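[1] Okay, sequence plus prediction incoming.
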There are 2 protein chains.
Amino acid sequence: MGVLTIGEFSRLTHLSVRTLRRYHEAALLEPAVVDEITGYRYYGVDQIPTAQVIHRLRELDVPLSDVQRILRTPDPGVRAALVADHLQRLEDELDRTRAAVVALRRLLRPDPAPIDVELRAQPARTVAAVEAVVRGRDVATWYAGAMAELEAAVGAAATGPPGGCYDNALFEQERGHALVYLPTAAPPRTGRVHPATLPAAELAVTTHVGEHDGIEVTYGALGTWVVENAMSVAGPVREVYVVGPRDTSDPAAWRTEIGWPVFRVT
Amino acid sequence: MGVLTIGEFSRLTHLSVRTLRRYHEAALLEPAVVDEITGYRYYGVDQIPTAQVIHRLRELDVPLSDVQRILRTPDPGVRAALVADHLQRLEDELDRTRAAVVALRRLLRPDPAPIDVELRAQPARTVAAVEAVVRGRDVATWYAGAMAELEAAVGAAATGPPGGCYDNALFEQERGHALVYLPTAAPPRTGRVHPATLPAAELAVTTHVGEHDGIEVTYGALGTWVVENAMSVAGPVREVYVVGPRDTSDPAAWRTEIGWPVFRVT
DNA sequence: CTGGACTCTCTCCCAGGGGGAGAGTCCACG
DNA sequence: CGTGGACTCTCCCCCTGGGAGAGAGTCCAG
């Protein structure tokens, strides 16, 4: 009594027979009994709730490995924390989706506004910086934490707007080196904050106006300019947040200087 | 001039070299020039905006085939409509995510509330119905439309709460037969609305209280009861929306009767 | 005891990439 | 004019989380 064939269990849990077999194979949901001779799987009714939890987690695109980890966690508190992590991940994903929608609308709007590019010889400068190797998708989160730490360490002693320096690999691959800074006369060394020297470079500079979601368009335009002016790109891209969230809460007023180290191609 | 190797193009578009090659293979983004001898791909700067659009669409999980369709649509209006379709799809997915989160929270909350199950001999009845074969994920949408049509055709002549009858395959596989009805003395035949007879059946009936997101839990409990009472399931599940959105907008007050056709197992 | 429904394992397929091997190419520097 | 290093080519296998179907074995009620 209370033992179900895979088909019955499938009907009760709304998981397909195939998927149940897959979960067995993955040691995610093992049948209560497996007939050693015939190989038939038999499930207990007490496994129905587990199957439903799996079903829901999969609906949330939680990887099977993580589902397994959650199910194997006996402590309900820890388990709730694991689930909360995934819900947070969903939130983040939602944010990225929203950003992509905004950017897409901007891209599809015919927007032939030409850009002004200035070639600038940027001398080396020493600043208060926080740097790390981060994953591309985590840049925004990392930036927020790093900049908060910089503000705390430098604050009013800043001699100009903040900026950043981002490895190209950050965008091409999954991870790359990133650095954010605040210029100041005497860079302190506190926590992750430390003095760093931005090397001198010849920069192709343009200014992106507005929130950052559509910044790709400006990047592309700058890239086009660089190529059409017979130049090539060398080294990480630099950004200066001339007017940013620390100055005004109106994203439309933000001004971001994008500088790409370039060199002339024969 | 204005011609880029795949690596340069990768840096300018933030698409990996591998992905660019894949897009070429998929005829999604063809290089401006391919050297016939070496096979080297060369891209034009004018392809940067296209690459960015692809990038954004992929961020929104638009399938490559649909990206291709969108890119090949010359009319901006039609193209905007295609994109809007996908944004709608994203909205729907978001709704399902929300529902799964709610259901998951309910599942993980230790909720050992025992359920009352009643065995009921349900005589055959003739009702005004709308039926179709639908995909599992489309049930909610389909239901809304069908019920609106039923309300329009029957309206105040209804002799009881609405209900539905859903093929088990609807949940196990991708699609299945679904029927929704309003009981009435003289079922009309208008549009998709037509008279239908629900066959007599022995039903194991329980009541789910609250919104539908957590109804799986009740389903599971009912399934457990059926099995533990040495019965088995035969035929599609029936639901009666005793108190539903047409009665009150407070989901917590909704009452849904779930009836599973059962038969006694020796 | 037989037929139909059910279940088993097996292989192949899909999207949308990632990773690496091994060979060929490009180009700037010496 | 070489040559070395960076770049690129193709090809094959891997990943996740399934779906489809073949061919054989099993269960059970009539």
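    Structure received. Worth saying up front: this structure is predicted, and the values here are computed from it rather than measured.
[2] partners of the helix or strand containing A:P261, with directions?
    Using DSSP states H and E, A:P261 sits within strand A:255-264. With DSSP bridges as the test, strand A:255-264 is paired with strand A:201-209 (antiparallel), strand A:231-233 (antiparallel), strand A:237-243 (antiparallel).
[3] next one: the shortest one to chain centre, how far?
    For strand A:231-233, the distance from its own C-alpha centre to the chain's C-alpha centre is 27 Å (Cα atoms, centre = their mean, to the nearest Å).
[4] if we can go back for a sec, for the strand holding A:P261, list every residue counted as buried.
    A:T256, A:E257, A:I258, A:G259, A:W260, A:P261, A:V262 (16 or more other Cβ atoms under 10 Å in any protein chain shown). Placement of C-beta: from N, CA and C, glycine included.
[5] And for the second one, nearest residue in space, chain neighbours not counted?
    Across the structure, with Cβ to Cβ, 6 or more residues apart in numbering or on different chains as the measure, the residue nearest A:E257 apart from its sequence neighbours is A:V240 (4.1 Å).
[6] and A:A146, what does it touch?
    A:V130, A:A132, A:V180, A:R192 (Cβ atoms under 8 Å, 6 or more residues apart in numbering or on different chains).
[7] Kindly indicate the member of the residues you listed with the most neighbours.
    A:V180 (26 neighbours; other Cβ atoms under 10 Å in any protein chain shown).
[8] what about the closest residue in space to A:E239 that isn't next to it in sequence, which helix or strand?
    Closest residue in space to A:E239, ignoring its immediate chain neighbours: A:G164 at 4.9 Å, by Cβ to Cβ, 6+ apart. Element membership for A:G164 (DSSP H and E) is strand A:163-166.
[9] Show me what that strand is packed against.
    Packing partners of strand A:163-166 (3 or more Cβ pairs under 8 Å, 6 or more residues apart in numbering or on different chains; DSSP states H and E): strand A:175-182, strand A:237-243.
[10] Compare the mean pLDDT across these and name the weakest.
    Of all those, mean pLDDT reaches its minimum on strand A:175-182 (a mean of 85).
[11] Check the offset of it from the chain's centre.
    Worked out by Cα atoms, centre = their mean, strand A:175-182 lies 14 Å from the chain centre.
[12] One more: stretch A:86-99?
    10 Å.
[13] Might you report the residue contacts of A:A204?
    A:V117, A:E118, A:L119, A:R120, A:L222, A:W225, A:V226, A:N229, A:M231, A:G259, A:W260, A:V262.
[14] can you put the residues you listed in CSV and add distance to DNA strand C and pLDDT?
    Formatted as CSV, those follow (distance: Cβ to the nearest atom of the strand, whole Å; pLDDT from 0 to 100):
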residue, distance to DNA strand C, pLDDT
A:V117, 22, 89
A:E118, 25, 90
A:L119, 20, 88
A:R120, 22, 88
A:L222, 21, 83
A:W225, 20, 81
A:V226, 15, 80
A:N229, 16, 77
A:M231, 12, 73
A:G259, 22, 90
A:W260, 18, 86
A:V262, 14, 83
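[15] from these, which would you call buried?
    A:V117, A:L222, A:W225, A:V226, A:M231, A:G259, A:W260, A:V262.
[16] ok, now how distant is A:D46 from DNA strand D?
    20 Å (Cβ to the nearest atom of the strand, to the nearest Å).
[17] Assign that residue to helix, strand or coil.
    The local conformation at A:D46, judged by DSSP: H, G, I helix; E, B strand; the rest coil, is helix.
[18] how far away is it from A:D75?
    20 Å (Cβ to Cβ, to the nearest Å).
[19] so what's A:A201 bridging to?
    A:Q122.
[20] Counting neighbours, what do you get for it?
    19.
[21] Doesn't A:G214 belong to a helix?
    Yes - per three-state DSSP, A:G214 lies within a helix segment.
[22] Which parts of chain A are strands?
    Taking DSSP state E as the test, the strands found in chain A are A:3-5, A:33-34, A:41-44, A:118-122, A:125-135, A:163-166, A:175-182, A:194-198, A:201-209, A:231-233, A:237-243, A:255-264.
[23] what's the second one in contact with?
    Which is strand A:33-34. A:V3, A:Y40, A:R41, A:Y42.
[24] Then the last one?
    Under the contact criterion Cβ under 8 Å, 6+ apart, strand A:255-264 has outside partners A:119-120, A:122, A:163, A:201-209, A:212, A:215, A:218-219, A:222-223, A:226, A:230-244.
[25] can that strand be found next to DNA strand D?
    No - under the criterion of Cβ under 7 Å from any atom of the strand, DNA strand D is not reached by strand A:255-264; the shortest gap measures 13.0 Å.
[26] quick one on the thing from earlier: only alpha carbons, please: show the strand holding A:P261 as PDB.
    C-alpha atoms of strand A:255-264 as PDB (Å, rounded to 0.1, in the frame of the first residue of the first chain):
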ATOM      1  CA  ARG A 255      27.200  62.100 -18.300                       C
ATOM      2  CA  THR A 256      29.700  59.300 -18.700                       C
ATOM      3  CA  GLU A 257      33.000  59.900 -20.400                       C
ATOM      4  CA  ILE A 258      34.200  56.800 -22.300                       C
ATOM      5  CA  GLY A 259      37.800  56.700 -23.100                       C
ATOM      6  CA  TRP A 260      39.400  54.000 -25.300                       C
ATOM      7  CA  PRO A 261      43.200  53.700 -25.400                       C
ATOM      8  CA  VAL A 262      44.000  53.800 -29.100                       C
ATOM      9  CA  PHE A 263      47.000  53.900 -31.300                       C
ATOM     10  CA  ARG A 264      47.300  54.900 -34.900                       C
END
